[in-house]
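1. Fold the following, please.
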Amino acid sequence: GANLSACCPFHGEKTPSFSVSPAKGIYKCFGCGKAGDSVRFIMDIEGIGYGEALRHLAKKYGIEIQETKLTDEQLLAQNERESLLIALNYANSFYQKQLTQSDEGRAIGYSYFKERGFSDKTIQTFELGYSLESWDAFTKDALKTGYNIEILEKAGLSLRKSDGSDKVFDRFRNRVIFPIHNVSGKTIAFGARILKADKNQAKYLNSPETEVYHKSNVLYGIYQAKNAIRSKDVCYLVEGYTDVISLHQAGIENVVASSGTSLTLEQIRLISRFTQDVTVLYDGDAAGIKASLRGMDMILEEGLNVKLVVFPEGDDPDSYVRKIGSEAFSAHISEHATDFITFKAELFLQEAGKDPFKRAELIKDMVESISKIPDSIKRQVFFQKTAALMQMDEAILIAESNKINLERGKQRDKDQKREQNRQRLQQDLPNNVVLQNHQNPPIDENGWMSFSEEDMGNSQEYYATPSPQTPVTNNTPPVATTTKQPVAKSY
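-> Here you go, the predicted model:
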């Protein structure tokens with residue numbers, strides 16, 4: 001026929017239900033409902049926006065696209081960003097070569113990865129590498145190839161000595177290298193692990209924040225995992241690089257890591273581009289679990305479904321999958337995956353025991369988590385479950401939730417009013433006065449910022465305070481307490 005058919009790349013299936021019409025330039029999956037044209041396909045499969053999808057297709061097929069003319073500043077910023085990505089890609093290739101082609105790399109880095117059980121295919125998939133012990137092996141090579149030292153510094157690859165000399169050296173030395181990719185597969189940063197015991201050096205060293213790398217926006221392994229996350233319709237969230245790599249090698253490819261940082265809103269939204277279901281795989285460390293529960297509330301607040309799995313004490317996902325194998329590991333997840341509310345109850349109930357005050361605090365904490373779920377039906381289900389678990393009247397839990405939401409609404413109104421005041425004050429201030437944030441702002445009944453004489457007397461900086469009668473203008477200087485550089489504090 002005129003149409004082509006295949007198994008859908010967006011969900012797991014054995015019988016082909018994905019149909020493509022080359023003549024019309026469109027596709028349709030009769031299983032999951034995904035449909036669109038070539039641009040939509042790239043947007044969905046790569047998890048990128050419309051503009052980036054157009055550029056992706058244009059570059060692939062050598063089509064020149066006309067874009068809005070950029071200002072000189074915008075053009076400079078774009079060129080610098082592209083230069084950073086090129087330099088980072090070069091560094092990635094350099095580290096990979098050192099791992100497999102240098103004697104030092106094979107003896108130290110390659111043997112380490114082999115000891116961890118990583119196959120050559122896995123090493124290639126994650127583009128693992130090694131940085132030589134020499135102080136400036138990479139920097140020398142990059143400069144010889146023609147790279148600009150300023151770009152190498154801005155990319156976080158090279159460092160300049162702080163003694164004012166022109167000497168530069170490599171940021172990463174004598175470490176195994178884990179490249180960090182963005183969702184489209186471009187190298188944007190590196191994580192590096194030292195292999196020898198050295199109290200003077202951190203075990204892990206990461207790239208600094210740059211124009212192309214903001215760690216709060218990135219998940220390690222997202223490029224390798226995105227298609228599996230979409231087809232399995234669940235994302236496994238772990239903590240470290242080796243957890244991701246070991247699970248991927250075991251055939252569990254829908255896994256990403258927060259790379260040791262606290263889970264952020266941007267990372268959660270990145271996951272939501274591919275699935276609405278998240279399963280967090282925790283090490284068997286109770287203290288670490290309790291410390292990271294805040295991130296679970298954020299997942300709930302974004303409307304995603306979150307479950308949690310704990311491994312036996314002393315094991316992490318990496319060690320456990322190597323110990324029991326992929327089939328048993330998957331079975332463990334299926335058997336032990338628990339919704340967040342039940343998990344929190346089981347975790348803290350033993351600690352609370354029969355103490356009524358601790359039980360009350362636990363119930364309040366659970367209600368606070370449930371109240372963050374935007375879907376009213378899901379909220380109701382969890383209220384019913386919590387009422388049964390804690391032997392409480394469901395109506396009391398709902399009433400407490402309404403109270404919490406009311407308080408949140410009042411706080412949002414205060415924050416909004418505070419921001420409006422800050423913006424108004426910023427517009428009225430002289431150009432040489434800068435606003436700075438301060439906690440616990442004093443607000444009067446009209447929503448205006450106010451200061452006591454004590455506030456002003458203890459300050460070592462300028463303050464500017466608007467009032468309905470005498471608003472601050474360019475002709476009205478801020479109240480000054482010193483002759484230092486003027487700084488206005490806004491609340």
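
2. contacts and neighbour counts: CA atoms only from here.
-> Fine.

3. For stretch 360-378, which residues meet the burial criterion?
-> Neighbour-count burial for stretch 360-378, with 16 or more other C-alpha atoms under 10 Å as criterion, is recorded at 362-364, 366-373.

4. what's in contact with that stretch?
-> 297, 300-303, 341, 344-345, 348-349, 352, 379, 382-383, 386, 390, 397, 400-402, 404-405 (C-alpha atoms under 8 Å, 6 or more residues apart in numbering).

5. Check stretch 112-125 too.
-> Contacts of stretch 112-125 (C-alpha under 8 Å, 6+ apart): 224, 245-246, 249.

6. Pull out the buried positions in it.
-> 113, 118, 122-123.

7. and the two most separated of the residues you listed?
-> Among the buried residues of stretch 112-125, the pair separated by the greatest distance (C-alpha to C-alpha) is 113 and 122, at 9.8 Å.

8. could you point out which element follows the strand or helix carrying residue 388?
-> For residue 388, the host element (DSSP states H and E) is helix 376-390. Downstream of helix 376-390, the next assigned helix or strand under DSSP H and E is helix 394-428.

9. Can you give me the buried ones in that following helix?
-> Buried residues in helix 394-428 (16+ other C-alpha under 10 Å): 394, 397-398, 400-401, 404, 417-418, 421-422, 425-426, 428.

10. could I get the residues you listed as JSON lines with distance to residue 107 and pLDDT?
-> Converted to JSON lines, the buried residues of helix 394-428 look like this (distance: C-alpha to C-alpha, whole Å; pLDDT from 0 to 100):
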{"residue": "394", "distance to residue 107": "63", "pLDDT": "93"}
{"residue": "397", "distance to residue 107": "61", "pLDDT": "93"}
{"residue": "398", "distance to residue 107": "62", "pLDDT": "94"}
{"residue": "400", "distance to residue 107": "62", "pLDDT": "93"}
{"residue": "401", "distance to residue 107": "59", "pLDDT": "92"}
{"residue": "404", "distance to residue 107": "59", "pLDDT": "91"}
{"residue": "417", "distance to residue 107": "62", "pLDDT": "88"}
{"residue": "418", "distance to residue 107": "60", "pLDDT": "85"}
{"residue": "421", "distance to residue 107": "62", "pLDDT": "83"}
{"residue": "422", "distance to residue 107": "59", "pLDDT": "79"}
{"residue": "425", "distance to residue 107": "62", "pLDDT": "79"}
{"residue": "426", "distance to residue 107": "60", "pLDDT": "74"}
{"residue": "428", "distance to residue 107": "65", "pLDDT": "74"}
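
11. Export those as TSV, with columns for distance to residue 31.
-> Converted to TSV, the buried residues of helix 394-428 look like this (distance: C-alpha to C-alpha, whole Å):
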residue	distance to residue 31
394	39
397	40
398	38
400	42
401	39
404	41
417	48
418	50
421	52
422	52
425	56
426	55
428	59
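
12. would you turn the buried residues of stretch 112-125 into JSON lines with distance to residue 229, secondary structure and pLDDT?
-> Below are these laid out as JSON lines (distance: C-alpha to C-alpha, whole Å; DSSP: H, G, I helix; E, B strand; the rest coil; pLDDT from 0 to 100):
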{"residue": "113", "distance to residue 229": "25", "secondary structure": "helix", "pLDDT": "97"}
{"residue": "118", "distance to residue 229": "22", "secondary structure": "coil", "pLDDT": "97"}
{"residue": "122", "distance to residue 229": "18", "secondary structure": "helix", "pLDDT": "97"}
{"residue": "123", "distance to residue 229": "21", "secondary structure": "helix", "pLDDT": "97"}
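
13. Narrow the contacts of stretch 360-378 to just the buried residues.
-> 297, 300-303, 341, 344-345, 349, 352, 379, 382-383, 386, 397, 400-401, 404.

14. Pretty sure residue 167 sits against residue 161.
-> Yes - with contacts defined as C-alpha atoms under 8 Å, residue 167 counts as touching residue 161 at a distance of 5.8 Å.

15. distance of residue 217 from residue 259?
-> To residue 259, residue 217 is 11 Å away according to C-alpha to C-alpha, to the nearest Å.

16. Same drill for those two, tell me which one is more crowded.
-> Higher neighbour count among residue 217 and residue 259: residue 259, with 22 against 16, using other C-alpha atoms under 10 Å.

17. my read: that one touches residue 244, true?
-> No - taking contacts as C-alpha under 8 Å, residue 259 lies outside contact range of residue 244: 9.9 Å.

18. Could you name every residue contacting both of the two?
-> residue 220.

19. Can you tell me the element the residue most central in space within the chain falls in?
-> In the chain, the residue lying closest to the centroid (C-alpha atoms, centre = their mean) is residue 267, at 3.2 Å. Using DSSP H and E, residue 267 sits in helix 265-272.

20. same question, residue 51
-> Per DSSP H and E: residue 51 is located in helix 50-60.

21. what's the answer for residue 86, then?
-> Going by DSSP H and E, residue 86 is part of helix 72-101.

22. Residue 96 versus residue 315, what's the distance?
-> 30 Å.

23. Just want to know which of these two has more residues nearby.
-> Under the neighbour definition other C-alpha under 10 Å, residue 315 and residue 96 were set side by side, and residue 96 has more, 24 against 16.

24. pretty sure the more buried one is touching residue 127, no?
-> Yes - using C-alpha under 8 Å, residue 96 is in contact with residue 127, at 6.6 Å.

25. Pull the contacting residues for the residue nearest to residue 132 when sequence neighbours are not counted.
-> Spatially, and ignoring its direct neighbours in sequence, residue 132 is nearest to residue 174 (4.9 Å; C-alpha to C-alpha, 6 or more residues apart in numbering). Counting by C-alpha under 8 Å, 6+ apart, residue 174 makes contact with 130-134, 194-195.

26. Helices of the stretch 251-400 of the chain, residue ranges please.
-> 265-272, 286-291, 293-301, 317-324, 326-336, 340-352, 356-370, 376-390, 394-428 (DSSP state H, counting those that start in this stretch).

27. Save those as JSON lines, and put in distance to residue 84 too.
-> As requested, these are exported to JSON lines (distance: least, C-alpha to C-alpha, whole Å):
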{"stretch": "helix 265-272", "distance to residue 84": "22"}
{"stretch": "helix 286-291", "distance to residue 84": "35"}
{"stretch": "helix 293-301", "distance to residue 84": "31"}
{"stretch": "helix 317-324", "distance to residue 84": "32"}
{"stretch": "helix 326-336", "distance to residue 84": "38"}
{"stretch": "helix 340-352", "distance to residue 84": "40"}
{"stretch": "helix 356-370", "distance to residue 84": "41"}
{"stretch": "helix 376-390", "distance to residue 84": "45"}
{"stretch": "helix 394-428", "distance to residue 84": "35"}
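
28. weakest of those helices in terms of mean pLDDT?
-> Per-stretch mean pLDDT for the helices of the stretch 251-400 of the chain is lowest at helix 286-291 (a mean of 69).

29. Using the three-state scheme, assign residue 236.
-> strand (DSSP: H, G, I helix; E, B strand; the rest coil).

30. so it bridges to which residues?
-> Beta-bridge partners recorded for residue 236 (DSSP bridges): residue 255, residue 279.

31. these two touch, right, it and residue 252?
-> No - under the criterion of C-alpha under 8 Å, residue 236 makes no contact with residue 252, lying 9.0 Å away.

32. Comparing the two, which residue is more hemmed in?
-> residue 236 (25 against 20).

33. Next one, pLDDT for residue 193 please.
-> Reading off the confidence values, residue 193 has pLDDT 95.

34. Assumed it was part of a helix.
-> No - secondary structure of residue 193 (three-state DSSP): strand, not part of a helix.
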